[in-house]
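need a structure here:
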Amino acid sequence: MQAILQQAQQMQQQLVAAQEELARTEVTGTSGGGLVTATVTGGMELKDLKIDPKVVDPDDTETLADLVVAAVRDAMSSAQKLTEEKLGPVAGALGGGGGGMPDLGGLGLPGLK
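Numbers count the residues shown, from 1 in each chain. Reported below is the predicted structural model:
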């Protein structure tokens with residue numbers, strides 16, 4: 001029984017280390033052929049947003065907004081894949097993460113569901 005508890009504790013430590021690594025890892029997403037680039041962490045935090053001045057049209061802010069949303073979604077998708085790759089084996093062994101998994105539901109921004 002002691003060996004099982006030690007193994008579970010070791011797996012929990014691996015999960016925490018993987019989560020900390022994810023929080024430091026950044027991935028990018030783009031839209032409009034690279035006109036808009038969003039950078040998020042593996043912990044789903046939006047860190048940076050770059051917009052090429054060519055796409056800024058005061059008379060067409062709707063297109064710019066669509067490009068921003070698309071770039072953020074692309075980055076979030078990459079971050080989600082990274083999370084699944086890093087945490088999948090460890091979280092699965094702990095029965096879904098043992099309650100320590102971060103909420104990966106998104107940034108809480110309108111239009112990002």
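
chain center to the longest helix seen in the chain, what's the gap?
Looking across the chain with DSSP state H, the single longest helix is helix 61-93. Distance of helix 61-93 from the chain centroid (CA atoms, centre = their mean, to the nearest Å) equals 5 Å.

so which elements touch it?
helix 2-24, strand 26-31, strand 36-41, strand 46-51 (3 or more CB pairs under 8 Å, 6 or more residues apart in numbering; DSSP states H and E). All C-beta spots, glycine's among them, are computed from the backbone N, C-alpha and C.

again, 7 Å this time
Helices and strands touching helix 61-93, by 3 or more CB pairs under 7 Å, 6 or more residues apart in numbering; DSSP states H and E, are helix 2-24, strand 26-31, strand 36-41.

what angle separates it from strand 26-31?
Interaxial angle of helix 61-93 relative to strand 26-31 (axes from the mean of the first three to the mean of the last three CA atoms, to 10 degrees): 140 degrees.

go through helix 61-93 and flag the buried ones.
64, 67-76, 78-80, 82-83, 86-87, 90-91, 93 (16 or more other CB atoms under 10 Å).

with stretch 10-29 instead?
11-12, 14-15, 18-19, 22, 26-29.

pull the CA atoms of stretch 6-16 into CSV?
Output of stretch 6-16 as CSV, limited to C-alpha atoms (Å, rounded to 0.1, in the frame of the first residue of the first chain):
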residue,chain,number,x,y,z
GLN,A,6,4.4,6.9,-3.1
GLN,A,7,3.7,6.2,-6.8
ALA,A,8,0.6,8.4,-6.7
GLN,A,9,2.5,11.2,-4.9
GLN,A,10,5.3,11.0,-7.6
MET,A,11,2.7,11.2,-10.4
GLN,A,12,1.1,14.2,-8.7
GLN,A,13,4.5,15.9,-8.6
GLN,A,14,5.0,15.1,-12.3
LEU,A,15,1.6,16.7,-13.0
VAL,A,16,2.5,19.9,-11.1
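
my read: T28 touches A75, true?
Yes: at 5.7 Å, T28 counts as touching A75 under the criterion of CB atoms under 7 Å.

overlap in contacts, those two.
38-39 (CB atoms under 7 Å, 6 or more residues apart in numbering).
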